[in-house]
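>>> No sequence on hand, only this structure:
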């Protein structure tokens with residue numbers, strides 16, 4: 001007998017939300033399918049009706065976490081017609097995101113923090129790529145490669161202790177200079 005397609009919503013969403021909470025609290029490795037299903041109030045068989053594996057569930061958790069983040073980022077940056085507009089918009093958004101993350105960070109296992117960081121960077125790449133195309137870059141490097149250089153380079157910059165010591169004006173100049181060097185301006 002063919003398996004029925006699993007739709008979004010209902011128990012599936014409850015499992016994803018519960019898994020997210022437990023992954024944040026205990027980390028991926030220490031969270032078992034049984035722990036998730038005990039909290040949801042379901043049997044192990046129900047889990048495998050919705051997900052083939054814990055890895056598949058984790059992918060759904062990460063995707064759900066970043067969907068709203070990515071949409072918010074896209075909305076904020078859709079009006080950035082220049083590098084200067086980007087920096088003016090990006091810095092406040094970054095600071096707000098770091099405050100939000102700081103509120104949950106103490107409860108988030110390092111494995112989940114690492115996945116969140118990687119997911120954040122990958123969710124930003126297509127948005128940055130579209131902005132680069134809109135800005136009419138001045139070199140022959142493909143936009144998706146430039147987007148990766150910007151995303152990963154900006155991440156290294158904004159997470160450095162030296163960047164944290166800078167005042168707002170210095171941070172703005174630092175980011176604008178970096179973007180200019182990558183894009184060949």
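Looks like it arrived, so ask away. In this text the structure is predicted, and so the values were computed from the model without any measurement. Numbering: from 1, shown residues only.
>>> Find the helix or strand that residue 81 is a member of.
Per DSSP states H and E, residue 81 falls between elements, in no helix or strand.
>>> Check residue 153 too.
Under the criterion of DSSP H and E, residue 153 resides in helix 143-158.
>>> Can you name the residues in contact with that helix?
94, 117, 121, 124-126, 128-129, 132-133, 137, 139, 163, 174-175, 178-179, 182-183 (C-beta atoms under 8 Å, 6 or more residues apart in numbering). Just so you know, the C-beta spots here come from the backbone N, C-alpha and C atoms, and that holds for glycine as well.
>>> average pLDDT across it?
Averaging pLDDT along helix 143-158 gives 91.
>>> The residue most central in space within the chain is in what secondary structure piece?
By C-alpha atoms, centre = their mean, the chain has its centre lying nearest to residue 120, at 2.1 Å. Counting by DSSP H and E, the element that carries residue 120 is helix 110-135.
>>> Buried among the contacts of helix 143-158? Make that a PyMOL selection.
In PyMOL syntax, the buried subset of the contacts of helix 143-158 is picked out as below (16 or more other C-beta atoms under 10 Å):
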select buried, resi 124+128+129+132+137+174+175+178+179+182+183
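>>> Please enumerate the helices of this structure.
10-26, 33-40, 44-50, 54-77, 83-105, 110-135, 143-158, 161-165, 168-183 (DSSP state H).
>>> lowest confidence element among the helices and strands of the chain?
Sorted by mean pLDDT, DSSP states H and E, the helices and strands of the chain end with helix 83-105, the least confident at a mean of 74.
>>> what about this structure, any weak spots by pLDDT?
Counting by pLDDT under 70, the low-confidence segments of the chain come to 1-9, 98-109, 112, 137, 185.
>>> Now for residue 51: which residues touch it?
15, 57, 60.
>>> In contact with the spatially closest residue to the last one that is not a sequence neighbour: list those residues for me.
Going back to what we said before, that points to residue 60. In space, and not counting its chain neighbours, residue 60 is closest to residue 16: 5.3 Å by C-beta to C-beta, 6 or more residues apart in numbering. Applying C-beta under 8 Å, 6+ apart, we find residue 16 in contact with 57, 60, 61, 64.
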